[in-house]
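A.B. asks: no FASTA, just this:
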């Protein structure tokens, strides 16, 4: 299943630079709210079994490109939000086999956010 979440978190470089805990909490809360809204709008049901998660940012107007790995903070916040929304049981390796970071899609006429693809491991093996 594929889901678009209107959320792109801070660059991982910004976190390494020492972002204040309050800003990190705000980013987490924003990721949770955006994910829950996207899950509800798409009618996503809980996923049973182990999954692979694929994250691909979409950069809209005025959003700077980043190194692909600099989107790891967004991916982590969205993964946690999928657990909180009840889509994933947990984000431990028992439930998430791998996390894949794809390079950003550039679409200056579209909303900025992140594409999240949830692939059941059984489906990936087929």
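C.D. replies: Thanks, I have it. For clarity, every value in this text was computed on a predicted model and none was experimentally measured.

A.B. asks: quick one: residue 97 and residue 51 touch, right?
C.D. replies: Yes: at 6.8 Å, residue 97 counts as touching residue 51 under the criterion of CB atoms under 8 Å. In this view, the C-beta of every residue, glycine as well, is placed from N, C-alpha and C.

A.B. asks: where do the contact lists of those two overlap?
C.D. replies: residue 121 (CB atoms under 8 Å, 6 or more residues apart in numbering).

A.B. asks: which stretches of the chain have low pLDDT?
C.D. replies: 124-126 (pLDDT under 70).

A.B. asks: Would you map the helices across it?
C.D. replies: Applying DSSP state H to the chain gives helices spanning 12-16, 21-42, 72-84, 121-125.

A.B. asks: Which one of residue 97 and residue 51 is surrounded by more residues?
C.D. replies: When neighbours are counted by other CB atoms under 10 Å, residue 97 and residue 51 differ, and residue 51 comes out ahead with 26 against 15.

A.B. asks: so who does that one touch?
C.D. replies: Contacts of residue 51 (CB under 8 Å, 6+ apart): 88, 95, 96, 97, 118, 119, 120, 121.

A.B. asks: how far away is it from residue 119?
C.D. replies: 6 Å (CB to CB, to the nearest Å).

A.B. asks: What of residue 3?
C.D. replies: Taking CB to CB, one finds residue 3 at 12 Å from residue 119.

A.B. asks: Please apply the same query to residue 84.
C.D. replies: On the measure of CB to CB, residue 84 and residue 119 end up 20 Å apart.
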